[in-house]
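Trainee: Everything below, folded, please.
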Amino acid sequence: APTQIGSMDLGANGNEVVVSGNFAYVASAHDSREVQVVNIATPSSPSLAGSLNLSGTVDAATVSLSGTTLLVGQGGTLFTVAVSTPSSPSVLGSVNVSDTLNDIALTFGNSNTLAFVATSSNVAEFQVVNISVPSSPSIVGLVNMTGTNDLLGVAYSQTLDRAFGVSASNAEEFVVFAPQ
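Mentor: Presented below is the predicted three-dimensional model:
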């Protein structure tokens, strides 16, 4: 049976987590530590290894990891964050996605050069972001879905070269995108 073997207080809600090696990277609701890096080398005793204060007091909602670059969705901004030194994450660049960023998916088959984002924008719910130069991510494509429904989640299939989204629509709760 599954059992809980460790925990720690983040000081605010944790909204999403991604793990690499001995570190977990958390999108947090903490107003001065929206990104929290947790050392999980000893799973029974996780500890805060580092953190990053993003601008403003909007919660970090979602995270994804590409090598040593952490992608963080905070409000209407996608941040690229260097985590090569987990104890001191730092912002590399950012791009505005025009409304709340709800989820991030990566293209592991394309050298991680593209990120697909699900947003609450009424005119660009699905967006493709070029992250090949982490210091200057840029939107390279978008889809305006029928109606004004938020795209809440996104995933990518390398095998099919398709992105899949879920939304709050009454007619399009599951959506397939040809992203490239």
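Trainee: Can you tell me the SS state at the residue lying closest to Thr85 once chain neighbours are set aside?
Mentor: In this structure, Thr85 finds its nearest non-sequential neighbour in Gly50, 7.9 Å apart by CB to CB, 6 or more residues apart in numbering. C-beta coordinates here come from the backbone N, C-alpha and C atoms, glycine included. What DSSP: H, G, I helix; E, B strand; the rest coil gives for Gly50 is strand.
Trainee: Let's see the pLDDT reported for Gly50.
Mentor: The model reports Gly50 with a pLDDT of 98.
Trainee: what does the one 5 residues further on give?
Mentor: Reading off the confidence values, Ser55 has pLDDT 90.
Trainee: Where does it fall, secondary structure wise?
Mentor: In the assignment (DSSP states H and E), Ser55 maps to no helix and no strand.
Trainee: Go ahead and flag the most central residue of this protein.
Mentor: Nearest residue to the geometric centre of the chain (CA atoms, centre = their mean): Val63, 2.8 Å.
Trainee: Specify the beta-bridge partners of it.
Mentor: Applying DSSP bridges to Val63 gives these bridge partners: Val72.
Trainee: how much space is there between Gln127 and Ser98?
Mentor: 8 Å (CB to CB, to the nearest Å).
Trainee: Which one's more surrounded, these two?
Mentor: Gln127 (24 against 17; other CB atoms under 10 Å).
Trainee: any low-confidence regions in the chain?
Mentor: In the predicted model, the chain carries pLDDT under 70 at residues 108-112.
Trainee: Tell me which stretches of it form helices.
Mentor: Per DSSP state H, the chain has no helices. Nothing in it meets that criterion.
Trainee: re the thing from before, what sits against the residue nearest to the centre of the chain?
Mentor: By CB atoms under 8 Å, 6 or more residues apart in numbering, Val63 lies in contact with Glu16, Val17, Val18, Tyr25, Val26, Ala27, Val35, Leu70, Leu71, Val72, Gly73, Ile104.
Trainee: I'd assumed Val38 was in contact with the fifth one.
Mentor: Yes. Here Val26 lies in contact with Val38, judged by CB atoms under 8 Å, at a distance of 6.3 Å.
Trainee: more neighbours, the two?
Mentor: The neighbour count for Val26 versus Val38, taken as other CB under 10 Å, is higher for Val26 (26 against 21).
Trainee: From Ile104, how far out is the spatially closest residue to Asn144 that is not a sequence neighbour?
Mentor: Nearest non-adjacent residue to Asn144, counting by CB to CB, 6+ apart: Val123, 5.0 Å away. Using CB to CB, one gets 19 Å for the distance from Val123 to Ile104.
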